[in-house]
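*Asks:* A predicted structure for the sequence below; I have some questions about it.
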Amino acid sequence: MPGYLSLVLHAHLPFVRHPEHEKFLEETWLFEAITETYLPLLGIMEGWRRDGMATRLTLTLSPTLCAMLLDPLLQERYTRHLNGLIDLAEKEIHRTHWDRAFHELAWMYHHRFTTLRDAYQSYGGNLVTAFRKFQDLGRLEIITTTATHALLPLMANHPPAIRAQILTARDHYQSCFGCDPRGIWLPECAYFDGVETVLQEANLRWFITDTHGLLHAQPRPRYGVFAPVFTPNGIAAFGRDHESSRQVWSKHEGYPGNPCYRDFYRDIGFDLDFDYVKPYLPSPDHRGFTGLKYFRITGGTAEKQAYDRAAALQKAAEHAGHFLNARLAQMEKLTALMDRPPLVLAPYDAELFGHWWYEGPEFLDFFVRKAYFDQKQFTLITPEDYLGKHPTNQIAQPAASSWGEEGYYRVWLNEQNEWIYPHLQIAQERMTELARLFPTPPALLARALRQAGRELLLAQSSDWPFILRTGTSPEYARRRVKDHLLRFDTLYQQLKKKRVDEKALREVEQRDNLFPEINPAYWA
């Protein structure tokens, strides 16, 4: 019995859009992800289609990410960003003329950036539609997550807030892809008993949980994580395979740390004269990443060595072969133990492939091609496909879990970020109060009510407490939480008095402009 492998990539970024500034540091999170992950991923899928490969891949596109990819202002700013990269690469071609290794890399970057610009223009700047094309062709299953990637277990004491997060995400998915989502990536794979009620209302059929969330289910699952279980109300739960995750994610054993691969942190934005790189920096007043990096990881030596693109791609091909052989050995062992075909589910953050691990897209390409052409022991499949082939599964109650540090919720609830949640609790209760107070409000009050919902959703994002925990941009995260809660409170007070400042409302609507058809009744 051949087995199944399900590759799941989770693409998500927090909603960052600042029209009040000409250039904003955190907007480059999106621009880097488009350049290094999303466009390369589309490129390799175009190659699979061109070569007649009936591949199946699962991809989350979060509502906040889709909103940014569809936003004309951010599309225009990304084009400007990409043109700046091409200009910088041209300057580097001249600067490195007498340094052969760096000169070849400058040409590589110039070719790569111009190719990506051509691709972006060919999609009309609309990557949501580009990914939708592959779903419509049957090569990709796009799933959703909650509206702003809120950590649902920390909202369990106010079910209407969970309902609004999930149903708003479903509605946004429908507007982007013309159909209902069938699966959902619970943010941070964080599960708690009771979330299935809203998933059922949204007509979602399955979700992914971390390994221990399934292994500690009651009763214990007969097939471990190598087949889904149905929760008591019929929603399927798929468990993450630990072995395939470790080979990619592990700090000590994972492929991305190999000395041949490009060093993420060594960038000309830090190495070269400040005035030279200043026009191309994310923030003109501070050094930062430009995207042009000339060194490989090298290992523990003090002196970094120049990046060798050909050697890095050769290593990516070797690692893809190693990953394939490991999956074949795993399938052989599992097949001998199970009376049904085993399913190995391998979920990853999409941005790992390309952004953090520069050769990651090529690794994916090599692996999928090897899996498609060189073996017959397993087939690539999506979780939805699996349920179609195997609709009968064990009933069990998964355990509370996440894929964060220590397996539960400590990353998002700790001494750095615990102050957020009492404020969110009050705002959630007030939003429900408003939704019940104004079931059919007049036009201006309806606009204010919808904007209050947007501000609450944005404040609930799990990205802000995560950033506060990791310390990457803590002041920005702290300001975002406070700004959204203050805007919400202002709108709440105005709605209670039925006196809305239309000019101020219009300004906030133009800034936080996602979810145009948001439905406040979900909070009621």
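*Replies:* That came through, no problem.

*Asks:* show me what contacts residue 95?
*Replies:* Shown in contact with residue 95 (CB atoms under 8 Å, 6 or more residues apart in numbering): residue 106. To be clear about C-beta, it is placed using only N, CA and C from the backbone, and glycine gets the same treatment.

*Asks:* mind checking how far it is from residue 265?
*Replies:* Using CB to CB, to the nearest Å, residue 95 is found at 21 Å from residue 265.

*Asks:* same thing with residue 434?
*Replies:* 46 Å.

*Asks:* for those two, work out which one has more neighbours and name it.
*Replies:* Higher neighbour count among residue 434 and residue 265: residue 434, with 24 against 9, using other CB atoms under 10 Å.

*Asks:* residues touching that one, list them.
*Replies:* Shown in contact with residue 434 (CB under 8 Å, 6+ apart): 449, 452, 492, 495-496, 520, 523.

*Asks:* that one: which element?
*Replies:* helix 420-437 (DSSP states H and E).

*Asks:* and which of the contacts of residue 434 is nearest residue 72?
*Replies:* residue 452 (24.7 Å; CB to CB).

*Asks:* neighbours of the closest one, how many?
*Replies:* Counted with other CB under 10 Å, residues neighbouring residue 452 total 28.

*Asks:* my read: it touches residue 488, true?
*Replies:* Yes - Residue 452 lies in contact with residue 488 (CB atoms under 8 Å); the separation is 5.5 Å.

*Asks:* which parts of the stretch 151-300 of the chain are helices?
*Replies:* 159-177, 196-201, 211-215, 242-249, 268-271, 274-277 (DSSP state H, counting those that start in this stretch).

*Asks:* output these in JSON lines; the columns should cover mean pLDDT, distance to residue 415 and mean neighbour count.
*Replies:* JSON lines is the format used below for the helices of the stretch 151-300 of the chain (pLDDT from 0 to 100; distance: least, CB to CB, whole Å; neighbours: other CB atoms under 10 Å):
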{"stretch": "helix 159-177", "mean pLDDT": "98", "distance to residue 415": "24", "mean neighbour count": "22"}
{"stretch": "helix 196-201", "mean pLDDT": "96", "distance to residue 415": "30", "mean neighbour count": "18"}
{"stretch": "helix 211-215", "mean pLDDT": "95", "distance to residue 415": "24", "mean neighbour count": "22"}
{"stretch": "helix 242-249", "mean pLDDT": "89", "distance to residue 415": "26", "mean neighbour count": "16"}
{"stretch": "helix 268-271", "mean pLDDT": "95", "distance to residue 415": "31", "mean neighbour count": "18"}
{"stretch": "helix 274-277", "mean pLDDT": "95", "distance to residue 415": "36", "mean neighbour count": "13"}
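
*Asks:* in JSON lines: these, plus distance to residue 330.
*Replies:* As requested, these are exported to JSON lines (distance: least, CB to CB, whole Å):
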{"stretch": "helix 159-177", "distance to residue 330": "33"}
{"stretch": "helix 196-201", "distance to residue 330": "30"}
{"stretch": "helix 211-215", "distance to residue 330": "14"}
{"stretch": "helix 242-249", "distance to residue 330": "6"}
{"stretch": "helix 268-271", "distance to residue 330": "41"}
{"stretch": "helix 274-277", "distance to residue 330": "46"}
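
*Asks:* before we move on, the earlier item: joint contacts of residue 452 and residue 488?
*Replies:* residue 431.

*Asks:* where in the chain is pLDDT low?
*Replies:* Low-confidence segments of the chain (pLDDT under 70): 1, 251, 302.

*Asks:* scan it for its longest helix.
*Replies:* helix 309-337 (DSSP state H).

*Asks:* so what does it touch, helix or strand wise?
*Replies:* With contacts taken as 3 or more CB pairs under 8 Å, 6 or more residues apart in numbering; DSSP states H and E, helix 309-337 sits against strand 3-11, helix 100-122, helix 242-249, strand 343-349, helix 360-373, strand 378-380.

*Asks:* among those, which is nearest residue 483?
*Replies:* When the helices and strands packed on helix 309-337 are ranked by proximity to residue 483 (CB to CB), strand 3-11 comes first, at 25.3 Å.

*Asks:* using PDB, write out every CA atom in the closest one.
*Replies:* Output in PDB follows, covering the C-alpha atoms of strand 3-11 (Å, rounded to 0.1, in the frame of the first residue of the first chain):
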ATOM      1  CA  GLY A   3       1.500   6.000   1.500                       C
ATOM      2  CA  TYR A   4       0.900   9.700   1.400                       C
ATOM      3  CA  LEU A   5       2.900  12.800   2.000                       C
ATOM      4  CA  SER A   6       1.300  16.200   2.600                       C
ATOM      5  CA  LEU A   7       3.400  19.300   2.400                       C
ATOM      6  CA  VAL A   8       1.700  22.300   4.000                       C
ATOM      7  CA  LEU A   9       3.200  25.800   3.800                       C
ATOM      8  CA  HIS A  10       1.800  28.400   6.100                       C
ATOM      9  CA  ALA A  11       2.100  31.900   4.600                       C
END
